[in-house]
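Peer 1: my questions are about this predicted structure, shown below with the sequence.
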Amino acid sequence: MPGLLLGDEAPNFEADTTQGRIRFHDFLGDSWGILFSHPRDFTPVCTTELGRAAKLAPEFSKRNVKMIALSIDSVQDHLSWCKDINAYNGEQPAEKLPFPIIADKNRELAVKLGMLDPDELDKEGMPLTARVVFVFGPDKKLKLSILYPATTGRNFDEILRVVDSLQLTAYKKVATPVDWKPGDSVMVVPTLPDEEAKKLFPKGVFTKELPSGKKYLRYTPQPE
Ligand code: BEZ
């Protein structure tokens, strides 16, 4: 079964993009990476998504995350579509976006990465690419995957939020609770003994009492 599971290494594919030919591992370098796929060029939801992604590019860059999109049309189509995306954002209709778009004309990558949406077919009856988000760590392993059907646009603020969580929890022994936002308290991971937690989190560990008497809801202010 094609596709990528958490912990899998990103395939080191070669592809043509709006910024030239790339090898994926070289493109990622030592950075974090986000790969997000689109069903087709010149489609309304995708245009709004790429517009938003372009506006948020400085935020991803601040977090050392390299962005790359994928859609199943040609580089020429992508470049022409970029003008529409920039115009949608109220900017000059230029061919350039702050990140490349991969041309996956034969859907080879979409198949390899498990991105096809069987419910959304093109005029020839071929499945379109679903809206996938893959976040890779600096070790090139898959840290997060989100899969939306073609008909539901993603929330790029949420994608930034999960990047913040992934980067925090990659380096600290914490997990982020429901609806967490940067700056909120976080949870101490269940595997960390209380004594070690006290040493590791000098700002304090606060436990919420529960009917079970089990002290597993352990909060600490977000560590630096
Ligand atoms: C869109 O991007 O608007 C779209 C693409 C494929 C199916 C449905 C919507």
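Peer 2: Received, thanks.
Peer 1: distance of residue 13 from residue 216?
Peer 2: Relative to residue 216, residue 13 is positioned 42 Å away (criterion: C-beta to C-beta, to the nearest Å). All C-beta atoms are positioned from the backbone trio N, CA, C, and that covers glycine.
Peer 1: got it, and residue 111?
Peer 2: Look at residue 111 and residue 216: by C-beta to C-beta, they are 42 Å apart.
Peer 1: what about those two, which has more around it?
Peer 2: Shown here are residue 111 and residue 216; by other C-beta atoms under 10 Å, residue 111 has more neighbours (15 against 11).
Peer 1: now stretch 32-41, how far from the centre of its chain.
Peer 2: The chain centroid and the centroid of stretch 32-41 are separated by 8 Å, computed with C-alpha atoms, centre = their mean, to the nearest Å.
Peer 1: repeat for stretch 193-210
Peer 2: On C-alpha atoms, centre = their mean, the centre of stretch 193-210 falls 31 Å from that of its chain.
Peer 1: okay, it in PDB with CA atoms only?
Peer 2: Extracted C-alpha coordinates of stretch 193-210, given in PDB (Å, rounded to 0.1, in the frame of the first residue of the first chain):
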ATOM      1  CA  PRO A 193       8.500  10.300  36.800                       C
ATOM      2  CA  ASP A 194       7.400  13.200  39.200                       C
ATOM      3  CA  GLU A 195      10.900  13.700  40.700                       C
ATOM      4  CA  GLU A 196      12.500  14.100  37.200                       C
ATOM      5  CA  ALA A 197       9.600  16.400  36.100                       C
ATOM      6  CA  LYS A 198      10.300  18.700  39.100                       C
ATOM      7  CA  LYS A 199      14.000  19.000  38.200                       C
ATOM      8  CA  LEU A 200      13.300  19.400  34.500                       C
ATOM      9  CA  PHE A 201      10.600  22.100  34.800                       C
ATOM     10  CA  PRO A 202      11.800  24.700  37.400                       C
ATOM     11  CA  LYS A 203       8.700  26.900  36.700                       C
ATOM     12  CA  GLY A 204       6.700  24.200  38.500                       C
ATOM     13  CA  VAL A 205       4.500  21.200  37.800                       C
ATOM     14  CA  PHE A 206       0.800  21.600  38.700                       C
ATOM     15  CA  THR A 207      -1.400  18.500  39.100                       C
ATOM     16  CA  LYS A 208      -5.200  18.600  38.700                       C
ATOM     17  CA  GLU A 209      -7.100  16.500  41.200                       C
ATOM     18  CA  LEU A 210      -9.300  13.900  39.600                       C
END
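Peer 1: residue contacts, the residue lying closest to residue 126 once chain neighbours are set aside?
Peer 2: In space, residue 126 comes closest to residue 107 once its chain neighbours are excluded; the distance is 7.2 Å by C-beta to C-beta, 6 or more residues apart in numbering. The neighbourhood of residue 107, defined by C-beta atoms under 8 Å, 6 or more residues apart in numbering, consists of 72, 116, 126, 129.
Peer 1: need the pLDDT of residue 107.
Peer 2: With respect to pLDDT, residue 107 scores 91.
Peer 1: specify the local secondary structure of the closest residue in space to residue 63 that isn't next to it in sequence.
Peer 2: Leaving aside its sequence neighbours, residue 63 sits nearest to residue 163 (C-beta to C-beta, 6+ apart; 5.6 Å). Here residue 163 is recorded as helix under DSSP: H, G, I helix; E, B strand; the rest coil.
Peer 1: for the ligand, see how far away residue 163 is.
Peer 2: Relative to the ligand, residue 163 is positioned 23 Å away (C-beta to the nearest ligand atom, to the nearest Å).
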